[in-house]
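Trainee: Please work out how this folds:
(4 chains)
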There are 2 protein chains.
Amino acid sequence: MNAFSTAATGGRKKRGEGHTRREEILQAAKELFLEQGYEATTIRRIADRVGVSAPALYLYFPDKEQMMLALCDQTFGYLIESIREIESTVSDPRERIRRFGEAYLKFGLAHPDEYKLVFLGSNIPESVRKLGHRMPTDDPTRPGIGGAIVFQRLVSIIAEAEASGLALNYPADTCAELCWMAMHGVASALILKPEFPWSNRDLLGTGMLDIVMKGIIRGG
Amino acid sequence: MNAFSTAATGGRKKRGEGHTRREEILQAAKELFLEQGYEATTIRRIADRVGVSAPALYLYFPDKEQMMLALCDQTFGYLIESIREIESTVSDPRERIRRFGEAYLKFGLAHPDEYKLVFLGSNIPESVRKLGHRMPTDDPTRPGIGGAIVFQRLVSIIAEAEASGLALNYPADTCAELCWMAMHGVASALILKPEFPWSNRDLLGTGMLDIVMKGIIRGG
DNA sequence: CCGTTAACTTACCATTGATAAGTTATCTGT
DNA sequence: ACAGATAACTTATCAATGGTAAGTTAACGG
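Mentor: Residues are numbered from 1 along each chain as shown, chains lettered A, B, ... in the order given. You can find the predicted model right below:
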């Protein structure tokens, strides 16, 4: 057992316990990805932390990329959950949109690495990067679909807002895209350039939300 | 001479002509980076296209990263130039901001790979990604500084607009950050997810610009 | 207690960015 | 003309990477 690991369990797994090894690998991979980034994390280092040989990882994942996707799904579940909660507890259309934006930005800042991986494709292969925004028709059980689900919720929220009488300055889908792009601009900037002397981080979030609401809602 | 290359010149360079080899390397690297991306482009492939051995590249660049930075500087020069032209020919403060946004977005869409490299840090080392936004005090001759210069121009444009009487809803630097973030959100989304069925690409650009102008300018 | 097979290891592969050390061709001073 | 000096370049090699092949060990069912 590796003293520096939170995942290693030491010995060989008993039959039928392979799934616990899989979770140990995910845990170790998550720690290392968050500590050092995707590229810097090698399968050998993950294997070391778990306490197995490198090829053992390939018993549980087809490749490195799928480990990352499994982790993204896990983390994005939290955001999807909090959006569902907003949808089920907040009825005012304006407030829903605002709360979505707040939750989205809060999530991005709380999970910058997962955000980077899904929405910015930082240091990951092309095939992974494309998973952030997928067509609505794509298989919802497919790994890495989290980002697309989040975006789809915003489209629904804004479409429902319009259906319930809110006048928009642009088509509903365009409004959703503008809203997402604006908040994504804030999130990605704060995440990718943490060392930049931003004038006022909180004001950038609330200000952008104000600007977007005013811009997409007629008379907003 | 490699028949598939636009850069290879065949033989050994004469003394004092090393700079032409350097430019050939940059040209070949640019083609390959744009065709296949940064990671997929190996120094061996660059060297093949130029028609020299791989280690020969290290006579002209300390590493692969510096090749990319040199290319980014080259390309960003075009954007900096067009911004300078706007500043020298457009006097109306509102129009200046709008024209900046248009030029910025147009540049991003015309040079998506360089944009990714400087502003999104896609598939490149941490050290390169950080160069997009640098402190104003940084050495302006340093490779990769282009993105920061562009942002600094926007700060100036908005600060001058305020000084000339334009009323802003937020501090000038915050307005610049919001403006940049919003346009960056549009640019990065369209660049990173080109296959997504965006409702209306042109409207997203002009719409976001409208929204931002209205949002940061009092009574705008 | 024996055979099946899940769980895992050792040995290996091609490719990567990069370096060390040697070679060749061109220029300069005499 | 010729002898360094050195710019320009090559061959050989390195350690690290993601991934594979093939064998080994241990746990379970009958």
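
Trainee: Name the residues of chain A found near DNA strand D, please.
Mentor: A:11-12, A:14-16, A:41-45, A:54-55, A:58, A:63-65 (CB under 7 Å from any atom of the strand). (C-beta placed from N, C-alpha, C; glycine too.)

Trainee: near DNA strand C, which of those residues show up?
Mentor: Answer for the residues of chain A next to DNA strand D near DNA strand C (CB under 7 Å from any atom of the strand): A:12, A:14, A:15, A:16, A:54, A:55.

Trainee: How much space separates the fourth one from chain B?
Mentor: To tie it back to what came earlier, the one meant is residue A:16. 39 Å (CB to the nearest CB, to the nearest Å).

Trainee: do the same with the last one
Mentor: The gap separating residue A:55 from chain B is 24 Å, by CB to the nearest CB.

Trainee: returning to that earlier point: which of the residues of chain A next to DNA strand D are buried, as a ChimeraX select command?
Mentor: This is how ChimeraX selects the buried members of the residues of chain A next to DNA strand D, with burial counted by 16 or more other CB atoms under 10 Å in any protein chain shown:
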select /A:41,43,45,64,65
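
Trainee: which helix in chain A runs the most residues?
Mentor: helix A:64-89 (DSSP state H).

Trainee: State the next helix or strand along the chain beyond the lowest-mean-pLDDT helix or strand in chain A.
Mentor: Ranking every helix and strand in chain A by mean pLDDT, DSSP states H and E puts helix A:126-129 at the bottom, with a mean of 45. Per DSSP states H and E, the first helix or strand lying C-terminal to helix A:126-129 is helix A:146-163.

Trainee: hang on, the earlier thing: nearest to residue B:35 among the ones next to DNA strand C among the residues of chain A next to DNA strand D?
Mentor: Nearest to residue B:35 among these is residue A:54, at 32.1 Å by CB to CB.

Trainee: isn't the closest one right next to residue A:64, touching?
Mentor: No - Residue A:54 lies out of contact with residue A:64 (CB atoms under 8 Å); the separation is 10.7 Å.

Trainee: Next, the contact list for the nearest residue to residue A:154 once chain neighbours are set aside, please.
Mentor: Among residues not flanking residue A:154 along the chain, residue A:176 sits closest, at 4.9 Å (CB to CB, 6 or more residues apart in numbering or on different chains). Residue A:176 is in contact with A:151, A:154, A:155, A:157, A:158, A:159, counting by CB atoms under 8 Å, 6 or more residues apart in numbering or on different chains.

Trainee: and the angle for whichever strand or helix holds residue A:176 with helix A:146-163?
Mentor: Taking DSSP H and E as the criterion, residue A:176 maps to helix A:172-192. Orientation check (axes from the mean of the first three to the mean of the last three CA atoms, to 10 degrees): helix A:172-192 against helix A:146-163 gives 140 degrees.

Trainee: how about helix A:172-192: buried residues?
Mentor: A:172, A:174-192.

Trainee: ok, back up a step: so which of the residues of chain A next to DNA strand D would you say is closest to residue A:198?
Mentor: residue A:41 (28.4 Å).

Trainee: Can you classify the closest one by secondary structure?
Mentor: Three-state call for residue A:41 (DSSP: H, G, I helix; E, B strand; the rest coil): coil.

Trainee: Tally up the residues packed near residue A:13, please.
Mentor: 14 (other CB atoms under 10 Å in any protein chain shown).

Trainee: show me the contacts for it.
Mentor: By CB under 8 Å, 6+ apart, residue A:13 lies in contact with A:20, A:21.

Trainee: Secondary structure element holding it?
Mentor: Using DSSP H and E, residue A:13 maps to neither a helix nor a strand.

Trainee: and it, backbone torsions?
Mentor: Main-chain torsions, residue A:13, degrees, to the nearest 10: phi -80, psi 150.

Trainee: What of the one 3 residues further on?
Mentor: Dihedral pair for residue A:16: phi 80, psi 0, per degrees, to the nearest 10.

Trainee: Identify the residues contacting it.
Mentor: Residue A:16 neighbours (CB under 8 Å, 6+ apart): none.

Trainee: wouldn't residue A:170 be in contact with residue A:216 here?
Mentor: Yes - Residue A:170 is in contact with residue A:216 according to CB under 8 Å; the separation is 6.3 Å.

Trainee: Give the residues shared as contacts by those two.
Mentor: With CB under 8 Å, 6+ apart as the test, residue A:170 and residue A:216 both reach residue A:178.

Trainee: the more surrounded of these two?
Mentor: Ranked by neighbour count (other CB under 10 Å), residue A:170 and residue A:216 place residue A:216 first, with 24 against 21.

Trainee: In contact with residue A:54: list those residues for me.
Mentor: A:43, A:44, A:47.

Trainee: And for it, nearest residue in space, chain neighbours not counted?
Mentor: The spatially closest residue to residue A:54, leaving aside those adjacent along the chain, is residue A:47, at 4.3 Å (CB to CB, 6+ apart).

Trainee: how near is that neighbour to chain B?
Mentor: For residue A:47, the distance to chain B - CB to the nearest CB - is 23 Å.

Trainee: Hmm, residue A:58 and that residue touching each other?
Mentor: No - the criterion here is CB under 8 Å, and residue A:47 misses it with residue A:58 at 10.0 Å.

Trainee: the domain parsing of chain A - what is it?
Mentor: A:18-61, A:65-216 (automatic domain parsing).

Trainee: Out of the ones you listed, which gets the lowest mean score?
Mentor: Between those, the one with the least mean pLDDT is domain A:65-216; it has a mean of 85.

Trainee: How far does that one stretch from one end to the other?
Mentor: 38 Å (CA to CA, to the nearest Å).

Trainee: Centre of the chain to that domain, how far?
Mentor: Offset of domain A:65-216 from its chain centre (CA atoms, centre = their mean, to the nearest Å): 8 Å.

Trainee: and if you look at stretch A:13-20?
Mentor: That offset, for stretch A:13-20, works out to 29 Å (CA atoms, centre = their mean).

Trainee: doesn't residue A:219 fall inside a helix?
Mentor: No - looking at residue A:219 with three-state DSSP, it is coil, so not inside a helix.

Trainee: Compute the distance between it and chain B, please.
Mentor: 12 Å.

Trainee: ok, then the element right after the longest helix of chain A?
Mentor: helix A:93-110.

Trainee: Any residue of that next one touching chain B?
Mentor: No - for a cut-off given as CB under 8 Å from any CB of the partner chain, helix A:93-110 has no contacts with chain B; the smallest distance is 11.3 Å.

Trainee: list the buried ones in that helix?
Mentor: A:93, A:96-105, A:107-109.

Trainee: ok, and what's touching that helix?
Mentor: A:78-79, A:82-83, A:86-87, A:90, A:115, A:119, A:150, A:153-154, A:157-158, A:160-161, A:164, A:166, A:179-180, A:183, A:186-188, A:190-191, A:205, A:208-209, A:212-213, A:217, A:220.
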